[in-house]
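Engineer: Show me the folded form of this:
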Amino acid sequence: MAGTTRDVLRERIQLDGMPLHIIDTAGLHDSDNIVEQEGIRRAQLEIQKADKVLLLLDITQPEDESLLASLPEGINITRIYNKIDLAGQPPRMVETAQGVEIYLSVKSTAGLDLLKQHLKQSAGFTETADSVFVARRRHIQALSEAEQALQSAGAQLANHAPELVAEDLRQAQNSLSTITGEFGADDLLGEIFGSFCIGK
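Structural biologist: The predicted model follows:
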């Protein structure tokens, strides 16, 4: 159906070498369109799993309170007010009782540096002489899980069980991809089948 959004779009970006996973979803609003309803359902699922929700709002339009009320409680929201060039307002970042608000213009790029700064801070980036960022707790947990899976793979290899090695490597890859997302299951299978002769 024309004019509807159903799919969730995913993109990986890097800010000063720090990987971030960006997910774009359908807009949240009431709709009788079954395709849009599916897109909104998928958006709500992604919102519940996200570390940070960037709520993009048009500063030239009245704010929809029902939209804010529909969001799950306890999620980490940053409100981004776009089109400040049309509203004649300056770019700025404001701390409020509801959280951070960023005022910018995508068209003129004014204020985009504030958004980048906020994203880096939210992900644990700490400015140092070596530009090192502090790993978040879930990154450390993912590395620990990957290490355990690799140790198990080594043990299975010593036991001549390549099919179990493959499973442990898949588990390690899944853990690491929660941080980088750069190595997919197809890549892993290609490496495994290129290196081992696995049969029944």
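
Engineer: Extract the C-alpha trace of the longest helix belonging to the chain and format it as PDB.
Structural biologist: Ranked by residue count under DSSP state H, the longest helix found in the chain is helix 137-158. Extracted in PDB, the C-alpha atoms of helix 137-158 (Å, rounded to 0.1, in the frame of the first residue of the first chain):
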ATOM      1  CA  ARG A 137      28.500  -3.300  31.100                       C
ATOM      2  CA  ARG A 138      26.700  -5.300  28.400                       C
ATOM      3  CA  HIS A 139      29.800  -5.100  26.200                       C
ATOM      4  CA  ILE A 140      31.900  -6.600  29.000                       C
ATOM      5  CA  GLN A 141      29.200  -9.300  29.400                       C
ATOM      6  CA  ALA A 142      29.200 -10.000  25.700                       C
ATOM      7  CA  LEU A 143      33.000 -10.400  25.600                       C
ATOM      8  CA  SER A 144      32.900 -12.700  28.600                       C
ATOM      9  CA  GLU A 145      30.300 -14.900  26.900                       C
ATOM     10  CA  ALA A 146      32.300 -15.000  23.700                       C
ATOM     11  CA  GLU A 147      35.400 -16.000  25.600                       C
ATOM     12  CA  GLN A 148      33.500 -18.900  27.300                       C
ATOM     13  CA  ALA A 149      32.200 -20.100  23.900                       C
ATOM     14  CA  LEU A 150      35.700 -20.000  22.400                       C
ATOM     15  CA  GLN A 151      37.100 -22.000  25.300                       C
ATOM     16  CA  SER A 152      34.400 -24.500  24.800                       C
ATOM     17  CA  ALA A 153      35.100 -24.600  21.000                       C
ATOM     18  CA  GLY A 154      38.800 -25.400  21.800                       C
ATOM     19  CA  ALA A 155      37.800 -28.300  24.100                       C
ATOM     20  CA  GLN A 156      35.400 -29.700  21.400                       C
ATOM     21  CA  LEU A 157      38.100 -29.400  18.800                       C
ATOM     22  CA  ALA A 158      40.400 -31.500  21.000                       C
END
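
Engineer: helices and strands around that helix, which ones?
Structural biologist: Contacts defined by 3 or more CB pairs under 8 Å, 6 or more residues apart in numbering; DSSP states H and E place helix 137-158 against helix 162-177. Backbone N, C-alpha and C define where each C-beta goes, glycine included.

Engineer: In this structure N82 contacts L104, no?
Structural biologist: Yes. Between N82 and L104 there is a contact at 6.4 Å, judged by CB atoms under 8 Å.
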